[in-house]
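Visitor: one predicted model, sequence on top.
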Amino acid sequence: MAGSQIERALSLLESLTNEPRGQALQTLAEQLGMPKSAAHRMLSELGRLGYVRQNAETLRYHLSTKLVALGFQYLSGCGADIVQPILDRLAQDTGELVRLGVIEGDRQTWIAKSQGARSGLRYDPEMGRDAPLFYTASGHAWLATLSDAKALALVEQQGIARRDDFGPNAPRSNADLLERLRVARDAGYAWVVESSALGTSALAAVIRHPRDAHVVGVLSVAGPSARLSEARMHELATGLLAAAQELSQVSVASELFS
């Protein structure tokens with residue numbers, strides 16, 4: 001790949017983030033489009049700085065816990081302590097997974113969660129991923145606040161995964177997606193049943209800045225479709241909207257939404 005050394009170093013760290021079992025030097029060099037010797041020097045420097053470690057047995061490279069620690073340090077200082085109790089309360093009330101996504105430019109990234117399911121089936125995906133816009137409740141909730149043209153442009157920009165990567169009830173076309181956004185606008189929240197994945201359902205509502213009402217985040221509740229039927233999701237919508245409104249009010253005190 002082309003780019004500066006800083007860009008290559010960050011791309012390397014992102015590659016390691018996606019592979020918790022570590023990656024071989026050759027693989028990383030190929031992904032970065034650079035000679036093995038140059039990739040090795042970069043990894044050695046990142047290791048010296050404490051961001052990367054090498055497994056002595058497999059020789060694979062892994063992220064150290066330094067980035068994780070920095071992330072938690074950032075969250076603790078930018079208002080996550082204000083946000084988390086609201087997520088925890090909604091998770092307890094619904095008995096399902098609650099996720100917070102923040103809007104940064106043309107991306108919505110899940111950054112915080114609270115698991116309300118204490119037994120039985122649990123839906124608990126990883127954080128730090130961008131919310132797929134085409135087929136998730138979180139994506140639909142945000143897109144519904146935009147014009148149809150802007151919504152479709154963002155979907156095209158992000159791209160759509162292979163059909164096998166999402167659920168049987170995902171939108172079949174742009175027209176189908178726009179109809180779902182219209183319904184979400186009318187209701188004030190979005191919901192999906194087996195759209196993002198087989199056997200899962202979710203509902204979501206946006207979080208708006210209290211001063212000018214621009215969207216700064218999305219709050220969602222997700223879980224197994226066996227528990228989260230469409231009827232139950234509509235029952236939970238009142239609590240979801242109340243929590244989203246509470247987050248809107250505290251968003252000015254949290255740098256998570258800046």
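Guide: Thanks, I have the structure now.

Visitor: what sits against the residue nearest in space to the middle of the chain?
Guide: Of all residues in the chain, the one closest to the mean position by Cα atoms, centre = their mean is residue 110, 2.6 Å from it. Residues counted as contacts of residue 110 (Cβ atoms under 8 Å, 6 or more residues apart in numbering) are 99, 100, 101, 125, 127, 128, 129, 130, 131, 138. From N, CA and C alone the C-beta is placed, and that goes for glycine too.

Visitor: and if we set it to 10 Å?
Guide: With contact taken as Cβ atoms under 10 Å, 6 or more residues apart in numbering, residue 110 is in contact with 99-102, 125-131, 136, 138, 218, 220.

Visitor: which among the residues you listed end up buried?
Guide: With neighbours counted by 16 or more other Cβ atoms under 10 Å, the contacts of residue 110 contain buried members at 99, 100, 101, 102, 131, 136, 138, 218, 220.

Visitor: just the ones of these in helices?
Guide: Of those, the ones assigned to helices by DSSP state H are residue 138.

Visitor: would you turn the buried ones among the contacts of residue 110 into TSV with distance to residue 19 and pLDDT?
Guide: Listed next are the buried ones among the contacts of residue 110 as TSV, based on distance: Cβ to Cβ, whole Å; pLDDT from 0 to 100:
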residue	distance to residue 19	pLDDT
99	23	95
100	26	95
101	24	94
102	25	93
131	22	92
136	24	96
138	25	97
218	28	97
220	27	97
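
Visitor: so which of the buried ones among the contacts of residue 110 comes closest to residue 5?
Guide: Of all the buried ones among the contacts of residue 110, residue 5 sits closest to residue 102, with 28.7 Å by Cβ to Cβ.

Visitor: nearest spatial neighbour of the closest one, skipping sequence neighbours?
Guide: Spatially, and ignoring its direct neighbours in sequence, residue 102 is nearest to residue 217 (4.7 Å; Cβ to Cβ, 6 or more residues apart in numbering).

Visitor: what of residue 140?
Guide: With Cβ to Cβ, 6+ apart as the criterion, residue 140 has its nearest non-adjacent residue at 3.7 Å, and that residue is residue 190.

Visitor: and the one you found, how many neighbours?
Guide: 26 (other Cβ atoms under 10 Å).

Visitor: residue contacts, it?
Guide: By Cβ under 10 Å, 6+ apart, the residues touching residue 190 are 136-144, 180-181, 183-184, 202-206, 218, 220.

Visitor: please apply the same query to residue 157.
Guide: 106, 107, 133.

Visitor: of all these, which comes closest to residue 256?
Guide: For the contacts of residue 157, the nearest to residue 256 is residue 107 (14.2 Å; Cβ to Cβ).

Visitor: gap between residue 108 and residue 207?
Guide: Distance of residue 108 to residue 207, given as Cβ to Cβ, to the nearest Å: 11 Å.

Visitor: quick one: low-confidence parts of the stretch 151-258 of the chain?
Guide: When residues are selected by pLDDT under 70, those of the stretch 151-258 of the chain lie in 255, 258.

Visitor: gap between residue 93 and residue 158?
Guide: Relative to residue 158, residue 93 is positioned 31 Å away (Cβ to Cβ).

Visitor: picking that back up, residues near the residue nearest to residue 102, how many?
Guide: Residue 217: 28 surrounding residues under other Cβ under 10 Å.
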